[in-house]
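>>> Build the 3D model from these lines:
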Amino acid sequence: MTESNVTETKIEGLTADTLRKALLLASPELSRFDPLRRIICHDAFSKGHCGWSQLVGNYEGSLDSMLPGYAQHTNAMLSTLGHWEAGSHGGYDSSYALKIATRPVRGAQNVAIKRLTMRQRAPIRFEMYFTFKPEATEPRLSETDVRSVGFLFDLQGGDSDKDAERVMPHLRFLNAADGQHLQKWQFKRETTTFTKLGAENKTESHYHLSNEGWQDLPGGNQRLCYNEIATKVNWSYLRFDFDLAKMRPIAFQCNDRTFDLSQFDSIRIPAMKNLWCMLNFGLFAETDVDKRAFLYVDSICISGDF
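Below you'll find the predicted structure:
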């Protein structure tokens with residue numbers, strides 16, 4: 001048997017799962033993630049916005065009918081993580097990251113969203129490398145200037161599902177409030193009251209990211225890396241697994257910690273008439289002072305077990 005035949009025999013003997021893992025490990029960009037069987041999207045923001053855009057609120061007749069929470073939002077940017085000391089920090093392994101920046105007003109929020117639809121009701125995995133910091137406008141640590149950063153899903157079953165509902169898992173890292181360094185993960189079960197917009201009775205809106213209604217995740221205290229001055233950053237890893245068939249969470253991890261989700265639940269509201277098979281993902285930041293807060297995301301991998 002020739003050497004080439006031996007090599008062919010070894011390759012033929014490998015399982016599909018082994019080959020898949022080998023290909024993932026051979027990719028510097030993908031090997032930092034642990035995706036499920038099928039990669040839905042891999043967003044490396046060195047390539048561009050990758051479909052992440054401003055969360056624009058509903059309106060009818062005029063932009064002035066938009067709820068104030070949404071009216072404050074601006075579009076996500078591509079950033080080199082510039083600062084006044086040394087120029088640019090750069091991304092995880094490139095020059096750019098996605099930047100979600102608030103306005104410089106205490107309590108201001110901003111949200112970026114990626115809008116997809118689901119092809120199968122199966123477990124999915126959301127992974128990202130992220131960091132956060134306040135705008136470095138003064139030579140001090142400013143570790144309590146960012147109130148929170150987080151992510152959300154906005155999901156709805158298919159138009160043939162008799163029990164379809166709109167399900168919105170929310171998780172945030174509450175870094176600080178009123179100057180107190182809290183550093184804990186929280187989730188949300190309830191949204192705000194729906195408001196009718198316009199005169200045609202076709203559009204309504206709710207601001208589900210309001211600061212009310214957040215609950216502490218059991219055992220959710222975590223001290224994330226925040227470097228010695230406000231211009232420095234360190235990247236953190238996050239993973240959230242969710243079952244689209246059962247509409248329930250499976251697992252949550254940030255860096256070296258995994259968290260108990262037995263008390264976790266999502267915002268649940270009746271299905272809406274035009275959002276079938278919705279599979280949306282959101283990223284958000286909030287400031288606790290009159291200074292901009294920045295959430296930076298280097299890359300995201302969303303995968304599914306189908």
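>>> Mind jotting down where the helices sit in this structure?
In the chain, the helices defined using DSSP state H lie at 3-13, 16-25, 68-71.
>>> which residues sit against the last one?
Counting by CB atoms under 8 Å, 6 or more residues apart in numbering, the neighbours of helix 68-71 from elsewhere in the structure are 55-58, 63, 109, 205, 207, 209-210. Just so you know, the C-beta spots here come from the backbone N, C-alpha and C atoms, and that holds for glycine as well.
>>> So, low pLDDT: which residues of the stretch 101-250 of the chain?
For the stretch 101-250 of the chain, the stretches with pLDDT under 70 are 202.
>>> Pro169 - how many residues pack around it?
For Pro169, the neighbour count with other CB atoms under 10 Å is 24.
>>> Same question for Ser148.
26.
>>> Likewise for Cys225?
Number of residues near Cys225 (other CB under 10 Å) recorded here: 11.
>>> Which residue, other than its chain neighbours, is closest to it?
Nearest residue to Cys225, sequence neighbours excluded (CB to CB, 6 or more residues apart in numbering): Asn234, at 4.2 Å.
>>> list the contacts for the one you found?
By CB under 8 Å, 6+ apart, the contact list for Asn234 reads 131, 225-227.
>>> now swap in Leu283 and tell me
Residues near Leu283 by CB under 8 Å, 6+ apart: 52, 76, 98, 100, 111-113, 149-151, 295, 297.
>>> hmm, 10 Å instead?
Counting by CB atoms under 10 Å, 6 or more residues apart in numbering, Leu283 touches 52, 55, 76, 98, 100, 110-114, 128, 130, 149-152, 295-297, 300.
>>> thought Asp243 was touching Pro249?
Yes. Contact status for Asp243 versus Pro249: in contact at 7.6 Å, counting by CB atoms under 10 Å.
>>> Counting neighbours, go ahead and name the busier of the two.
The neighbour comparison of Asp243 against Pro249 (other CB under 10 Å) goes to Pro249, with 20 against 14.
>>> Before I go, just wanted to say thanks for your time.
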